[in-house]
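S.K.: With the input below, show me the fold.
(2 chains)
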Amino acid sequence: MSPLAASLLKVAACLGLMLANGVVMIWMLRKVLGHLHLRYGPLEAGPSGIFQTTMDVLKLLTKEDVTPNAADRALFYVAPLAVFVPSLAAYAALPFAPELRAVRLDAGLLYTFAALSLVPIGILMAGWASANKWSLIGGMRAAAQQIAYEVPLLLSVLPIVMLVGSADLGRIVEAQSGVWAGFLPRWFIFDPLLLPTFVVFAVAALIETNQTPFDMSEAESELVAGWATEYSAMKFGLLFLSEFSNQFIISALAVTLFFGGWLLPWVPESVSVALAPVTFLLKTYVGIFMLMWIRGTYPRVRIDTLMQLGWKRLIPISLALVVVMGVVIKALPALARVVG
Amino acid sequence: MSDPRYEIYEAGLIGEGMHTPPVLPAGLRRAPGGVDGLRTEHLVVNMGPQHPSTHGVLRMIVELDGEEVVTAEASIGYLHRGIEKVAEHRRYDALGTLMDRGDYVAGIMGELAAALATEQLLEVEVPPKANWLRSLTSELNRIASHLVWFGTFGLDTGAMGQFLYAMRDREALLDILEAISGQRMMFNYVRPGGVVRDLPPGIDAKIREFVDTFENVYLPEHDALLGGNEIFQSRVKGIGVITREQALAFGLTGPNLRASGVKYDVRVDRPYAAYPELDFEVPVGEAGDAWDRYLVRMEEMRQAARMIRQCIDGMPEGPHMAKVPKLIKPPAGEVYAAVESARGETGVHLVSDGSEHPYRFRYRGPSLFALQALEEILPGHLLADVVMIIGSTDVMMGEIDR
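M.R.: Prediction:
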């Protein structure tokens, strides 16, 4: 197979996964929220309404695609793509199994974050080009939020990179193999030094995915639909899809970094490897369920509280954690190796 | 200015005698003193009438400096149906129907205000059972109304779940009210002279069961899910402060006034129906912020549940309707009757000229006064707070626009 064909095939595979995820997650969100809210969620289309999302996609495809007269037409068209493409690109480095990933990157972690951090540019474009004041406020909020939270998010994963000595997601997973004290998996979440890191990562990740309680940029009760107000039909579908895709990626990253990725503890390695993709997806979906649970329960924080949390708390805390990890690795290498 | 949004000004479409074109396009105003000589502008946004959280069709014209509110102006009238004028062509027993459509979330209390005013004109003595039934249904309706407020307040903060939990409780209440009156919202239950029908058999047990569940399960659940949430508290504490003086000056009544520390309740100070015989407390706040308004309303629900139990236990026997002529023609005169509705003092001012139609019907809706206070307290808050403050005052467009 020529390299070009192989690449195209990989892109198609990522796209397929992204679309499948989108369909499953939207259905799941409706079911989870429904049951959290004393409702049933979709019921009619197929058993338990599993085809509801498919029907909705069909509906979105047939809807009129409205562009506001005052909109900046070029930007208005490009913005959904600028949100969608980085979101798709972020799938490339995710390790679903030891050898199952689109590309093996030495800086896979950095690459995924880089791809994700392009999303707000698209959001800002959408907010500006819509010629709608709510969209504008939403876009501005997204930009401010992004700057405030990209930093702690990246800093919070730095201790892991320092410990493992690599930013390759596959090697990070491999470093978590085996059990500790006979039964506890050697996942980084159980490492006392990395637990605070996970807390910082979780908060920053919630904000990164625009989830309640931090869904500032589209805060429905404040900004109508935020930056997506003017989008309709499949353009809206793309925005919606990439939002879900980002949740999947963040959840997959959390699984990779803290919950042992594809590893299945307490079983022989051959079983673990054979079940790797299933394990990985299951773990990721547990993470997604947690995100949805939070979304269905919590109220939204205020934008100024959010910014203060980012600049005044999370950045100093994550910096301190980096320093602590550095000191431990240099001064007490024995301790670092034991817990790592 | 090449922005197509402002072409209307450039093209001179707004001509002489219609409107003076502003120097800057409408919606943009130059703020003095930007950073480093950069020009900054205030943004004027229309919150509503089609906005997810302006509860009905309220339109707030909010001028923003970044996210901060500089001025806020309420624009009302989107739900105007001319209730006061229509009433001049209705008979006295039909006034309750109109009041139902005023404050449509707490209809019984509006009906009661109209009925009380008519009875004053007629000088009719209402049988005790009717009075007790009026108090019972009023308190049931008060809980239902406060639950709507609670649910939408939760929605305003972004907590979706609370709304559906509140609707679950309200559904049980509406079932009870439907069994009593035959309707879920537009009850038309309270009429001049009494109430239209007696309690249906077996409803006592149903009401008792609801009150027990409400007090022991639902209310603690609401308190834990929303009131006990730290994020929620950080959102409501200290915002939207209405001082005691402001509250009095704006003529606020009801929970909004009591949250500001003034103990005024029509049920206590100008008693009507069976309230003199009921034992209940009037919760009063201190700071007058959104959090106090929240606490006062939650406590009111608790007190209402207490009163409902008392009403069921102490329900007297006897007729539920006084002898009132079919065609009510009260003697000429002028009266004012008020009730403590879920939002404050709902009053009806009736002028009779001796005919079968009122000469003048004036509806005092407490939300209108709360809305006026909003314009003064909103500036200085963030856009996110605007939603919370509007939510905390529980304004009801039906009775503002009439």
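S.K.: drop to CA atoms for contacts and neighbour counts, all remaining ones
M.R.: Noted.
S.K.: Give me the contacts around the helix or strand containing residue B:372.
M.R.: Per DSSP states H and E: residue B:372 is located in helix B:366-377. Contact partners of helix B:366-377, identified using Cα atoms under 8 Å, 6 or more residues apart in numbering or on different chains, comprise B:71-74, B:240-242, B:246-247, B:250-254, B:256, B:343-346, B:389-390, B:393-397, B:399-400.
S.K.: Report the spatially closest residue to the residue nearest the centre of chain A, excluding sequence-adjacent ones.
M.R.: With distances taken as Cα atoms, centre = their mean, residue A:250 lies nearest the centre of chain A, 2.3 Å away. In space, and not counting its chain neighbours, residue A:250 is closest to residue A:205: 6.5 Å by Cα to Cα, 6 or more residues apart in numbering or on different chains.
S.K.: what number of residues lie near residue 119?
M.R.: With no chain named, the answer covers chain A. Using other Cα atoms under 10 Å in any protein chain shown, residue A:119 has 27 other residues around it.
S.K.: my question was about chain B
M.R.: Once other Cα under 10 Å is used to define contacts, residue B:119 is seen to have 22 neighbours.
S.K.: Likewise for residue A:111?
M.R.: 18.
S.K.: any idea how far it is from residue A:87?
M.R.: Distance of residue A:111 to residue A:87, given as Cα to Cα, to the nearest Å: 12 Å.
S.K.: now do residue B:318
M.R.: 72 Å.
S.K.: repeat for residue A:46
M.R.: 29 Å.
S.K.: The two - which one has more neighbours?
M.R.: Taking other Cα under 10 Å, residue A:46 and residue A:87 do not tie; residue A:87 has more neighbours (27 against 10).
S.K.: I'd like the mean pLDDT over the helix or strand that contains residue B:133, please.
M.R.: Using DSSP H and E, residue B:133 falls within helix B:128-157. Averaging pLDDT along helix B:128-157 gives 90.
S.K.: Could you check how many residues crowd around residue A:293?
M.R.: 16.
S.K.: scratch that, residue A:134
M.R.: 26.
S.K.: what's the following helix or strand after the helix holding residue B:372?
M.R.: Defined by DSSP H and E, the subsequent element after helix B:366-377 is helix B:383-393.
S.K.: What backbone torsions are found at residue B:279?
M.R.: phi -100, psi 110 (degrees, to the nearest 10).
S.K.: now that we're looking at the residue lying closest to it once chain neighbours are set aside, which residues does it contact?
M.R.: Nearest non-adjacent residue to residue B:279, counting by Cα to Cα, 6+ apart: residue B:307, 7.0 Å away. Counting by Cα under 8 Å, 6+ apart, residue B:307 touches B:136, B:139, B:278, B:279, B:280.
S.K.: Run the angle between the helix or strand in which residue B:307 is found and helix B:383-393 for me.
M.R.: Residue B:307 is part of helix B:290-314, with elements assigned from DSSP H and E. Angle of helix B:290-314 versus helix B:383-393, following axes from the mean of the first three to the mean of the last three Cα atoms, to 10 degrees, is 20 degrees.
S.K.: Only C-alpha atoms, please: export the following helix or strand past helix B:290-314 in PDB.
M.R.: Using DSSP H and E, the next helix or strand after helix B:290-314 towards the C-terminus is strand B:333-341. Listed next in PDB are the C-alpha coordinates belonging to strand B:333-341 (Å, rounded to 0.1, in the frame of the first residue of the first chain):
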ATOM      1  CA  GLY B 333     -69.000  52.100  45.200                       C
ATOM      2  CA  GLU B 334     -65.300  51.600  45.200                       C
ATOM      3  CA  VAL B 335     -63.300  48.900  47.000                       C
ATOM      4  CA  TYR B 336     -59.800  47.400  47.200                       C
ATOM      5  CA  ALA B 337     -59.100  43.900  48.200                       C
ATOM      6  CA  ALA B 338     -55.700  42.200  48.300                       C
ATOM      7  CA  VAL B 339     -54.300  38.800  48.900                       C
ATOM      8  CA  GLU B 340     -50.800  37.500  49.500                       C
ATOM      9  CA  SER B 341     -50.100  35.700  46.200                       C
END
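S.K.: Strand B:333-341 packs against which elements?
M.R.: Counting by 3 or more Cα pairs under 8 Å, 6 or more residues apart in numbering or on different chains; DSSP states H and E, the packing neighbours recorded for strand B:333-341 are helix B:107-122, helix B:266-269, strand B:344-352.
S.K.: what's the most buried one of these?
M.R.: helix B:107-122 (a mean of 28; mean count of other Cα atoms under 10 Å in any protein chain shown).
S.K.: And that one, what does it pack against?
M.R.: helix B:95-100, helix B:128-157, strand B:190-191, strand B:333-341, strand B:344-352.
S.K.: and the second one, how far from the chain's centre?
M.R.: Looking back up the chat, that one is helix B:128-157. Centroid separation for helix B:128-157 versus its chain: 11 Å, with Cα atoms, centre = their mean, to the nearest Å.
S.K.: The third one now?
M.R.: Centroid separation for strand B:190-191 versus its chain: 20 Å, with Cα atoms, centre = their mean.
S.K.: so is the residue in chain A that chain B sits nearest to in a helix, a strand, or just coil?
M.R.: In chain A, no residue comes nearer to chain B than residue A:299, which is 4.1 Å away by Cα to the nearest Cα. Secondary structure, DSSP: H, G, I helix; E, B strand; the rest coil: residue A:299 is coil.
S.K.: which one is it nearest to, not counting chain neighbours?
M.R.: Using Cα to Cα, 6+ apart, the closest residue to residue A:299 is residue B:159 (4.1 Å).
S.K.: now residue B:172
M.R.: Residue B:172 sits nearest to residue B:210 (Cα to Cα, 6+ apart), 7.3 Å away.
S.K.: Point out the residues in chain B that sit beside chain A.
M.R.: B:3-5, B:43, B:45, B:51-53, B:154-161, B:164-165, B:225-226, B:229, B:231-232, B:234-235, B:383-384, B:387 (Cα under 8 Å from any Cα of the partner chain).
S.K.: Residue for residue, what is the longest helix chain A has?
M.R.: Assignment by DSSP state H gives helix A:3-36 as the longest helix of chain A.
S.K.: is it anywhere near chain B?
M.R.: Yes: with Cα under 8 Å from any Cα as the criterion, chain B is reached by helix A:3-36 at residue A:36.
S.K.: Just list what that helix packs against, helices and strands only.
M.R.: helix A:52-62, helix A:73-89, helix A:233-258, helix A:276-297.
S.K.: Where does pLDDT dip in chain A?
M.R.: A:181-182, A:212, A:216-225, A:334-340 (pLDDT under 70).
S.K.: Contacts only, for residue A:330.
M.R.: Applying Cα under 8 Å, 6+ apart, no residues contact residue A:330.
S.K.: count of residues packed around the residue of the stretch 151-300 of chain B found nearest chain A?
M.R.: Of all residues in the stretch 151-300 of chain B, the one sitting closest to chain A is residue B:159 (4.1 Å; Cα to the nearest Cα). As a burial measure, residue B:159 scores 25 neighbours (other Cα under 10 Å).
S.K.: show me the contacts for it.
M.R.: A:295, A:296, A:297, A:298, A:299, A:300.
S.K.: can you check residue B:138 too?
M.R.: B:108, B:109, B:341.
S.K.: same question, residue B:247
M.R.: With Cα under 8 Å, 6+ apart, residue B:247 has these contacts: B:256, B:257, B:260, B:373.
S.K.: So it: helix, strand or coil?
M.R.: On the basis of three-state DSSP, residue B:247 is classed as helix.
S.K.: Residue B:187 now?
M.R.: Per three-state DSSP, residue B:187 ends up coil.
S.K.: from what I can see residue B:308 touches residue B:141, true?
M.R.: No: the criterion here is Cα atoms under 8 Å, and residue B:308 misses it with residue B:141 at 10.5 Å.
S.K.: on that earlier part again, phi, psi for the residue nearest to residue A:299 please.
M.R.: The phi and psi values for residue B:159, taken as degrees, to the nearest 10, are phi -90, psi 100.
S.K.: start to end distance for stretch A:58-66?
M.R.: Start-to-end, stretch A:58-66 (Cα to Cα) is 17 Å.
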